[in-house]
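Colleague: sequence and predicted model, in that order:
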Amino acid sequence: MNEYIIQEGTEGRIDKVICELNNEISRVTAQRLIETGKVLVNGKNVKVSYKVNAGDVITQEKESPIEIDLKAEDIPLDVIYEDNDILVINKEKGMVVHPGNGNQNGTLVNAIMAKCKESLSGIGGEIRPGIVHRLDKNTSGLLIVAKNDKAHINMSNQIKERKVNKTYLALVRGIIKENEAKIDMPIGRSDKDRKKMAVTKKGKEAITHFKVIKRFKEYTFIEVKIETRKNTSNKSSYV
């Protein structure tokens, strides 16, 4: 059990305050602890939106990792970089990142469990490899894996704070006339095929910047950067 007494100057929304007081847990984890009654303020349950005040006493129950039934598999990995904290893997096209319905074996998670053994983060309340971000099954590229909780939280915060830049290379059908441009159209689940994404009025804001690298007879090779907006301002950044 962790106990904190809020000092002047550290007031604010409780889930954010807990993360600042305990840098070993993520904001999502803090919210789950609050919602499940494992965080009390002055001995009482509160909502995630509760604003703590100077003098408040916060008690946080520690969360034990939950074992899950995943098998380690000796699958070859293209490791680009590795140290005591992170692993950077060049994920090949066709490999699923995390096990799910119909994909319990042969995933990246199964592979890194075999490679890293016990040295993996348990963020999310489960003993599982710390996938910091994901790539679609048919997307190849670099993917970061956290080997401990501290690295997982650090990398997740860097991505959330837009300190990590992501650049995609794509070969698209058709000839793009513009050398570079911005696409500003909402994207959401396709009404025709729920497994696919499409431009739809019901979708979320999506801004994409692209630059043509090379044109072929029927295809165009482009560099893509996705823009996101911070919730606290109107400023935009690339991720």
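Modeller: In hand now; what should we look at? Numbers count the residues shown, from 1 in each chain.

Colleague: outline the domain layout of this protein.
Modeller: With domains defined by automatic domain parsing, the chain comprises 2-60, 79-160, 168-238.

Colleague: for the chain, what are the low-confidence residue spans?
Modeller: Residues of the chain that meet the criterion pLDDT under 70 lie in 23-24, 63-69, 100-102, 118-119, 121-129, 228-239.

Colleague: packed most tightly, which of the domains of the chain would that be?
Modeller: Highest mean neighbour count among those (mean count of other CB atoms under 10 Å): domain 79-160, with a mean of 17. C-betas here are computed from N, CA, C, even on glycine.

Colleague: can you measure across it, start residue to end residue?
Modeller: 24 Å (CA to CA, to the nearest Å).

Colleague: sorry, back to before: need the domains of the chain in a markdown table (columns: distance to A72).
Modeller: Below are the domains of the chain laid out as a markdown table (distance: least, CB to CB, whole Å):
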| stretch | distance to A72 |
| --- | --- |
| domain 2-60 | 25 |
| domain 79-160 | 4 |
| domain 168-238 | 29 |
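
Colleague: quick one: closest of these to L70.
Modeller: domain 79-160 (6.2 Å; CB to CB).

Colleague: scan the protein for its longest strand.
Modeller: Using DSSP state E to define each element, the chain has its longest strand at strand 219-229.

Colleague: elements contacting that strand?
Modeller: Counting by 3 or more CB pairs under 8 Å, 6 or more residues apart in numbering; DSSP states H and E, the packing neighbours recorded for strand 219-229 are strand 168-173, strand 207-215, strand 236-238.

Colleague: dump those strands into CSV; add distance to K150 as well.
Modeller: Output for these, formatted as CSV (distance: least, CB to CB, whole Å):
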stretch, distance to K150
strand 168-173, 28
strand 207-215, 33
strand 236-238, 25
